[in-house]
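# quick one: sequence and predicted model below, then my questions.
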Amino acid sequence: MNKNHFVAIMAGGIGSRFWPMSRTAYPKQFLDILHTGRTLIQSTYDRYLQFIPNENIYVVTSAEYASIVQEQLPDLPAANILCEPSRKNTAPCVAYIAHKLQKINNDGLLICAPADHLILDAPAFTKVCTDAFDFVNNINALVTLGIKPTYANTGYGYIQHEAMPVADSVYKVKTFTEKPNLELAKTFLASGDFLWNAGIFVWKVKNIIKAFEKFLPEMNEVFVAEQEHFNTANEQEAVERIYPQCTNISIDYGIMEKADNVYVMPSSFGWSDLGTWNSAYENMEKDYFGNAVAGKNVMIIDATKNVVHANDKKLVLLQGLDDFIVVDTADVLLICKKEKEQEIKEYVAEVKRNKGDKFL
């Protein structure tokens with residue numbers, strides 16, 4: 001394994017579209033959504049451990065989740081769990097790990113990736129990542145992994161690339177488009193030069209810092225001002241001072257959509273962002289009638305194409321429902337049409353307005 005290769009697993013989100021299974025105190029990255037025996041962050045860690053040294057794997061998460069990360073990833077050095085004092089989207093997260101690593105290894109190559117994605121073909125994923133490392137090692141490039149679309153999905157962002165590669169399976173990015181409507185998604189699919197944006201990025205540490213200097217200079221200056229404290233006993237106090245001064249902005253909006261050295265690598269490794277119950281349904285085993293069930297005591301009668309999550313200790317009997325999401329937890333029961341899954345965030349907001357934070 002290469003000592004210059006690093007990964008930052010971003011694990012600070014709350015996964016509200018997977019409510020009521022995903023809760024603010026215990027969000028989806030720490031859950032076994034697909035009933036595989038490993039949580040999403042454990043599966044992500046396992047995947048990177050195949051080609052990145054354990055001491056070079058970092059998890060950036062909210063301070064409130066640090067103990068959960070330690071519990072679920074006991075072999076990860078405690079010092080590699082970086083705690084954000086507040087949620088400010090992905091740009092401050094990337095700036096934090098980049099400035100920290102700059103002091104450790106200025107030649108470092110870094111993957112920044114979410115903790116809660118599904119990747120079925122680990123060997124193919126390893127190859128794409130190592131190819132991306134090779135590419136960014138030799139050129140000032142910001143690389144994003146693009147997924148070859150299989151249908152007109154309206155829940156993903158899309159990346160348009162140039163027709164001719166600049167290297168083997170590497171293309172210059174032309175445009176980013178966030179979650180298009182169905183007609184536009186169909187157009188993208190037919191054109192052949194659009195990919196789904198996987199939100200997995202690869203770059204040289206010094207080059208992503210150059211991008212911050214150019215496109216998010218105020219944020220970068222705040223990190224530079226506290227640089228001396230990184231990798232010391234004073235690091236957490238420095239981060240507590242930094243984050244209130246940071247803009248709430250994603251790395252996509254803040255840098256990737258503005259930079260002119262962004263490249264994409266078209267990839268096929270069985271990817272899903274597992275952002276919704278429908279994406280979970282697509283990746284779960286199903287019975288003869290298309291029902292996907294997680295729960296040892298779920299009985300289905302005259303029902304089709306449902307996704308059901310229930311506690312193993314509880315008997316749940318489902319009759320007569322078609323195309324529904326049914327999630328039964330200790331204190332919440334959700335029964336929702338699958339076609340309304342994108343509105344679960346709105347339902348959660350409605351619960352908060354009417355019932356406070358008790359059920360969130």
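Nice, thanks for sending it over. What you see is a predicted model, and the numbers here were worked out from it, not measured in a lab.

# find the least confident helix or strand in this protein, judged by mean pLDDT.
Sorting the helices and strands of the chain by mean pLDDT, DSSP states H and E puts helix 182-191 at the bottom, at a mean of 82.

# name the next helix or strand downstream of it, please.
Moving toward the C-terminus from helix 182-191, the next helix or strand (DSSP states H and E) is strand 194-204.

# and residue 307, backbone torsions?
phi -110, psi 120 (degrees, to the nearest 10).

# same thing with residue 152?
phi -80, psi 80.

# repeat that for residue 111.
phi -100, psi 130.

# count the neighbours of it for me.
Residues lying near residue 111 (other CB atoms under 10 Å) number 23. (Each C-beta comes from the backbone N, C-alpha and C, glycine too.)

# thinking it is in contact with residue 200, fair?
Yes. Residue 111 lies in contact with residue 200 (CB atoms under 8 Å); the separation is 6.8 Å.

# still on that earlier bit, buried stuff in the least confident helix or strand of the chain?
The neighbour-count check on helix 182-191 (16 or more other CB atoms under 10 Å) flags 185, 188 as buried.

# for that helix, C-alpha coordinates in CSV please.
Extracted C-alpha coordinates of helix 182-191, given in CSV (Å, rounded to 0.1, in the frame of the first residue of the first chain):
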residue,chain,number,x,y,z
LEU,A,182,-37.7,13.7,-16.0
GLU,A,183,-37.7,15.1,-19.5
LEU,A,184,-34.2,16.6,-19.1
ALA,A,185,-33.0,13.4,-17.4
LYS,A,186,-34.2,11.4,-20.5
THR,A,187,-32.4,13.9,-22.8
PHE,A,188,-29.2,13.5,-20.7
LEU,A,189,-29.4,9.7,-20.9
ALA,A,190,-30.0,9.7,-24.7
SER,A,191,-27.0,12.0,-25.4
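
# which residues sit against that helix?
With contacts defined as CB atoms under 8 Å, 6 or more residues apart in numbering, helix 182-191 is touched by 149, 151-154, 158, 160, 177, 180, 194.

# over to stretch 149-166?
Identification of contacts with stretch 149-166 by CB under 8 Å, 6+ apart yields 144, 146, 171-182, 185-186, 188-189, 191, 193-197, 199, 252, 263-264, 266, 273, 275-276, 279, 342.

# let's see that with 7 Å instead.
Outside stretch 149-166, the residues that touch it by CB atoms under 7 Å, 6 or more residues apart in numbering are 144, 146, 171-182, 185-186, 188-189, 193-197, 263-264, 275-276.

# are any of those residues buried, and which?
144, 146, 171-173, 176-177, 180, 185, 188, 194-197, 263-264, 275-276.

# give me phi/psi at the closest residue to residue 257 other than its chain neighbours?
Residue nearest to residue 257 in three dimensions, not counting chain neighbours: residue 176, with 4.9 Å by CB to CB, 6 or more residues apart in numbering. Main-chain dihedrals, residue 176, degrees, to the nearest 10: phi -110, psi 140.
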